[in-house]
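A.B. asks: any chance you could fold what I've pasted below:
(one chain, ligands or ions: 1)
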Amino acid sequence: MFTTAKLMKKTKEKEHYLKEIYRLEANGQSISVSGLSSVFGISKSSVSNMVKKLVAMELLNSAPYKAIELTLEGRELARSIVAKHRLIELFLVEVMGFDPENVHEIAEEIEHIDSPPFFRKVKQMLGQRDIDPHGSPIPDVNF
Ligand SMILES: [Zn+2]
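C.D. replies: Numbers count the residues shown, from 1 in each chain. Just a heads-up that it's a prediction; the model follows:
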């Protein structure tokens, strides 16, 4: 049976994969099951199962002996998760007065909320800011 919490956990896990693959791609690294398995500290078979699911959802491309890649749709989704994460970090620091050292864990949770009006409002309240509190660029996403 699907509970909301269970579904949320699955969504989070998928989104963490996409985000990590996006980050590795941005660093010019090539992505493999064994690479992801060492990044996440989990078994290759777990990674391989999740990669299969993401391929079936058309969010990743994967073929034997080739690097794993985000599809256009996968890259778009990953960009929006990264944008949500960085906007929330900036919001926590600039608006709520949090210390930059303490915002990452909170942003890790809030980035999975599916509410375009919420993120539109956060973005609007921050004005034209495009760098997060850790110096990373915030992708320009229309929520
Ligand atoms: Zn962070």
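A.B. asks: helix or strand for the residue nearest to Phe40 when sequence neighbours are not counted, just tell me which one.
C.D. replies: Nearest residue to Phe40 in three dimensions, chain neighbours excluded: Val47, at 6.8 Å (Cβ to Cβ, 6 or more residues apart in numbering). Bear in mind the C-beta positions are built from the backbone N, C-alpha and C, glycine included. Assigned by DSSP states H and E, Val47 belongs to helix 44-56.
A.B. asks: partner strands of the helix or strand just after that helix, with direction?
C.D. replies: As assigned by DSSP H and E, the chain's next helix or strand after helix 44-56 is strand 60-61. For strand 60-61, the paired strands and their directions (DSSP bridges) read strand 69-70 (antiparallel).
A.B. asks: could you pull up the mean pLDDT of the following helix or strand past the strand it pairs with?
C.D. replies: Helices and strands here follow DSSP H and E; after strand 69-70, the next one along the chain is helix 72-94. When pLDDT is averaged over helix 72-94, the result is 96.
A.B. asks: mind giving me the packing neighbours of helix 72-94?
C.D. replies: Based on contacts counted as 3 or more Cβ pairs under 8 Å, 6 or more residues apart in numbering; DSSP states H and E, the elements that helix 72-94 packs against are helix 4-26, helix 104-110, helix 116-126.
A.B. asks: can you count the residues close to Arg79?
C.D. replies: 18 (other Cβ atoms under 10 Å).
A.B. asks: residue ranges in the chain under the pLDDT threshold?
C.D. replies: Across the chain, residues meeting the criterion (pLDDT under 70) sit at 1-4, 7-8.
A.B. asks: before we move on, the earlier item: of the helices and strands packed on helix 72-94, which approaches Gly35 most closely?
C.D. replies: Proximity to Gly35 (Cβ to Cβ) singles out helix 4-26 among those, at 7.4 Å.
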